[in-house]
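In: pasting the structure only:
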């Protein structure tokens, strides 16, 4: 009887296993759109001459690898008429090594791709800069995790918004934070990074960037949809979030992504 019971159980398991089948949903496919990652960063104490722009196309739901765009014309024109041509290198990365960043100068991005022209205009946003880094053991929901704080002094009498990137070079994890100074104008403020996997010896690259309020709002919507670590700004989102780049030839074929210029500061910190 015991052997019979064992055989019945085995038969049941095999029967249930044989009923499993992989189902691929027949999702509606839309035409691929151009994705433009045009974030130009001018780091403090550098001349900012080396810049890059990344172009790709949206992919299907079941596709993991991005589709790089390799046959586009990418130009940025300054308000004084100076042109900077970005040359394709590899995997949709276009570079210029003679860029000339200036404050209070408007820059216009123009991309020509498949007989359509995409454009946007922006200017460099200054950054307060990182003053110093501190570490404590009061982070996370338990208030017992390691926490890294980057302190900065917000300029008084100005409306400022900031974008922080904490990159754990040891574990390859990235945390993104955005801040506005509505309630902290002119004060010393800190941006923090903490998780329960942070350990002594981890090397953290901290980047602070000055951003416009429209870009802050754009990131806020993306963060709300995807969560703090729910994907990059240029991955597929539950709802359409348009950036500041328009298709002048065919407005209905709008791109994803953003054109922005930010002064930035960065430093590394080794967790103790």
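Out: Yep, it's here. Since we're looking at a predicted model, the values are computed, not measured.
In: for the stretch 151-272 of the chain, what spans make up the strands?
Out: Counting by DSSP state E, counting those that start in this stretch, the stretch 151-272 of the chain has strands at residues 161-168, 173-180, 188-194, 203-211, 246-247, 256-270.
In: save these as JSON lines, and put in mean neighbour count, distance to residue 91 and mean pLDDT too.
Out: Every C-beta, even on glycine, is put in place using the N, C-alpha and C of the backbone. Below are the strands of the stretch 151-272 of the chain laid out as JSON lines (neighbours: other Cβ atoms under 10 Å; distance: least, Cβ to Cβ, whole Å; pLDDT from 0 to 100):
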{"stretch": "strand 161-168", "mean neighbour count": "20", "distance to residue 91": "20", "mean pLDDT": "97"}
{"stretch": "strand 173-180", "mean neighbour count": "17", "distance to residue 91": "19", "mean pLDDT": "94"}
{"stretch": "strand 188-194", "mean neighbour count": "19", "distance to residue 91": "29", "mean pLDDT": "94"}
{"stretch": "strand 203-211", "mean neighbour count": "21", "distance to residue 91": "22", "mean pLDDT": "98"}
{"stretch": "strand 246-247", "mean neighbour count": "16", "distance to residue 91": "23", "mean pLDDT": "98"}
{"stretch": "strand 256-270", "mean neighbour count": "20", "distance to residue 91": "16", "mean pLDDT": "97"}
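In: residue 100 is nearest to which of these?
Out: strand 256-270 (12.0 Å; Cβ to Cβ).
In: quick one, which of the strands of the stretch 151-272 of the chain is nearest to residue 143?
Out: Closest approach to residue 143 among those (Cβ to Cβ): strand 188-194, 9.8 Å.
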